[in-house]
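S.K.: Give the three-dimensional model of this entry:
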Amino acid sequence: MGVNSLNLMPTTSLRRATRGRKAVTDSKTSRQATKDAPYCMAYHPEPSPPSFSFPPGSIDSHAHICGPEATFPYDSARIYTPPDALLPAYEHMLRTLGVERMVLVQPSIYGEDNQVMLRAMRESSMPTRGVAVVPLDMERAELEGFHKAGIRGVRFNLVDVKDPSAGLPMAEITAFAERIKPMGWHTELLAHIDDYPEFGTMFQDFPTEIVVGHLGYFLPGCALDHPGFHGLLQLAGQGRCWVKLTGPYRIAAKDFPYEDVDRFAEALVKRVPDRLLWGSDWPHVMMKKTMPNDGHLANILARWIPDQQLRRQVLTDNPAKLYQFDA
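M.R.: Numbers count the residues shown, from 1 in each chain. The predicted structure is shown next:
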């Protein structure tokens, strides 16, 4: 299937986007929640230190800043409303874990309005990079301004939106990727790879490297030999794709410690350790299981990667290269 003719919004994504238990309302908000975008759970306020030491220069490659809700309006097309999850609380969590650098990712709740993320990047006490959501016709000068601000990639959310059946204009995003390629940016996709058995060929000739979150964000119960997951491994092995070891609770059938995800993580670590990134996924928006303690959640990485040298590669070396921290 040609990349320019591909529709990346299968009907099964709509079913997935609306699954899950009722959200919990946070009483300390300015009440932007609606029937179609209810409040989700708040993050665990007291993170525990992890059972292992993060290496120097460790990078959290996936987190969001949300709020203050009373100051910044959310996008009307969102499907959830988070309680405030602000920079001081996030940095406290990182310091507790021993993480020294961060990558903020634009959440769907703000659409193409990146001001909350950009403000957090300016105010952060730690080295910071960002992944933005931008209009495809963004002017070159604006892109260059984003680059100076620390943006190193663009994100396309294919599933956690109000209308996942709307499709994604592949010809347009391919042309856009050509524009950002000279800056060394990447294209991040939030997609269910088990919806795409031809995933390994879909982005074979895409202009930029791609990044896929949540180990592929497949439906719980996905088979290890699924063609979509095999394609993900294939693209990563060819140096075309990076995979984030994030959000195991989003793909696990069971609650913490999400052991049914281990076989996928182990396959990735065995096959493509040089293409893996770790992220906290803080503040764990749209959580549909028990809200985890971030220290306990980090301990899962030691289970997946017991080798200290490999952990350093995933936590420090790989993300420093992708996000140009040392450039």
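S.K.: hey, let's count contacts and neighbours off CA atoms from now on
M.R.: Will do.
S.K.: any weak-confidence spans in the chain?
M.R.: 1-31, 160-168, 327 (pLDDT under 70).
S.K.: If we use 80, what do you get?
M.R.: Along the chain, the parts satisfying pLDDT under 80 run over 1-33, 159-170, 327.
S.K.: Determine the number of other residues adjacent to residue 225.
M.R.: For residue 225, the neighbour count with other Cα atoms under 10 Å is 10.
S.K.: Numbering from 250 from now on, please.
M.R.: Yep, numbering from 250; the last one is residue 474 now.
S.K.: backbone phi and psi for it, please?
M.R.: In terms of degrees, to the nearest 10, the main-chain angles of residue 474 are phi -90, psi 20.
S.K.: Show the residue spans covered by the helices in the stretch 250-399 of the chain.
M.R.: Counting by DSSP state H, counting those that start in this stretch, the stretch 250-399 of the chain has these helices, from start to end: 260-266, 336-346, 364-372, 389-398.
S.K.: would you turn those helices into CSV with distance to residue 458?
M.R.: As requested, the helices of the stretch 250-399 of the chain are exported to CSV (distance: least, Cα to Cα, whole Å):
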stretch, distance to residue 458
helix 260-266, 24
helix 336-346, 27
helix 364-372, 23
helix 389-398, 17
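S.K.: Same list, these, but as TSV with distance to residue 438 and mean neighbour count please.
M.R.: Formatted as TSV, those follow (distance: least, Cα to Cα, whole Å; neighbours: other Cα atoms under 10 Å):
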stretch	distance to residue 438	mean neighbour count
helix 260-266	14	15
helix 336-346	23	18
helix 364-372	18	17
helix 389-398	19	13
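S.K.: now for the ones you listed, which one comes closest to residue 494?
M.R.: helix 336-346 (16.3 Å; Cα to Cα).
S.K.: Contacts for that closest one, please.
M.R.: 294, 296-299, 303, 314, 349, 369, 373, 531-532, 543-544, 547 (Cα atoms under 8 Å, 6 or more residues apart in numbering).
S.K.: Could you pull up the contacting residues of residue 471?
M.R.: Contacts here follow Cα under 8 Å, 6+ apart; on that basis residue 471 touches residue 443.
S.K.: For residue 288, see how far away it is.
M.R.: Distance of residue 471 to residue 288, given as Cα to Cα, to the nearest Å: 28 Å.
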